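Q: Sequence first, predicted model second:
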Amino acid sequence: LSGEAITAGQIDGLKTHFPLCMRNLHSSLRRDKHLRHFGRLQYGLFLKGIGLSIDEALVFWRQAFSKFTDEQFNKEYRYNIRHSYGLQGAGRNYSPYSCQQILMDHPPGTGDAHGCPFRHFSVDNLMLAMESQMGIGNEEKSVQSGVKQDVAARKYHLACNRVFEHLHERELKREKDGGGGSSMRETIVHPNEWFDRSWNLKNP
Ligand code: SF4
């Protein structure tokens, strides 16, 4: 990975390297067999960024949208997926969204799954999402309370990085002890950076 192509069938297994926003989108997609427009864009461009080709993206989304017929899929969604890869319309090749874009643009409404959970979820729903998506529950009080403080101070990146550090504590320590690493307080500001950093730490 990290530059290598991935296939549609690998995505479920790679979820452990996704930040919370993308895990939430992935779970919503699996549950609803659908994502609305901005969810498809946010998640689709992220997947493109981790190495999903247009052909594999079409396989992935077709399988994921299993409640639709081929005709509906081709009519409603195929064009937009190809468009996000620069193959339709003006041919613009869209980049995956940064945290800043996700935090600021197109705030999610009812029924939407896009956005940043640290900013757009209530504290209760954020705690539930951290538990169900990342296994950070009540026994991890210090992480929970740190995240709550960050969110209250509107420091959403810090909250997300705190979670990253918790989930990669051992690997970060090993990296630091090995002399190649940064301290725990670097800041990841892009979901694809989250993925790359996580993948590289877990697969040294
Ligand atoms: Fe996703 Fe960025 Fe929010 Fe983390 S801070 S959940 S990577 S948008």
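A: Yep, that arrived.

Q: C-alpha only now, for contacts and for neighbours.
A: Fine.

Q: now what about the strand or helix carrying Ala57, what contacts it?
A: Secondary-structure element containing Ala57, defined by DSSP states H and E: helix 54-64. Contacts to helix 54-64, defined as Cα atoms under 8 Å, 6 or more residues apart in numbering, come from residues 6-9, 29-30, 33-34, 44, 48, 70, 73, 78, 81-82, 85.

Q: What is the neighbour count of Glu56?
A: 17 (other Cα atoms under 10 Å).

Q: Next one, pLDDT for it please.
A: Listed pLDDT for Glu56 reads 96.

Q: Check the gap between it and the ligand for me.
A: 23 Å (Cα to the nearest ligand atom, to the nearest Å).

Q: re the thing from before, following the chain onward from the helix holding Ala57, which element is next?
A: helix 70-73.

Q: what residues does this structure put near the ligand?
A: 19-21, 99, 102, 116-118, 156-157, 160, 190-191 (Cα under 6 Å from any ligand atom).

Q: And the residues you listed, which is the shakiest by pLDDT?
A: pLDDT across the residues of the chain next to the ligand is lowest for His157, at 93.

Q: got a list of contacts for the helix or strand containing that one?
A: Per DSSP H and E: His157 is located in helix 156-167. With Cα under 8 Å, 6+ apart as the test, helix 156-167 has contacts from 19-20, 99, 118-119, 143, 146-148, 150-151, 172, 184-189, 194.

Q: Sketch out the low-pLDDT regions of the chain for me.
A: Scanning the chain for pLDDT under 70 picks out the ranges 1-3, 91, 179-186.

Q: And the helices in it, which stretches?
A: With DSSP state H as the criterion, the chain has helices at 11-14, 20-32, 37-50, 54-64, 70-73, 79-84, 99-104, 117-120, 123-134, 141-152, 156-167, 169-177, 191-202.

Q: Could I get the buried residue list for the helix holding His157?
A: For helix 156-167, the neighbour count (16 or more other Cα atoms under 10 Å) marks 156-165, 167 as buried.

Q: Now that helix - C-alpha only, CSV.
A: What follows is helix 156-167, C-alpha atoms only, in CSV (Å, rounded to 0.1, in the frame of the first residue of the first chain):
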residue,chain,number,x,y,z
TYR,A,156,-11.2,19.0,16.6
HIS,A,157,-7.9,18.1,15.0
LEU,A,158,-6.4,17.6,18.4
ALA,A,159,-9.2,15.3,19.4
CYS,A,160,-8.7,13.2,16.3
ASN,A,161,-5.0,13.1,16.8
ARG,A,162,-5.5,12.1,20.5
VAL,A,163,-7.5,9.1,19.3
PHE,A,164,-4.8,8.3,16.7
GLU,A,165,-2.1,8.4,19.3
HIS,A,166,-4.1,6.2,21.6
LEU,A,167,-4.7,3.6,18.9
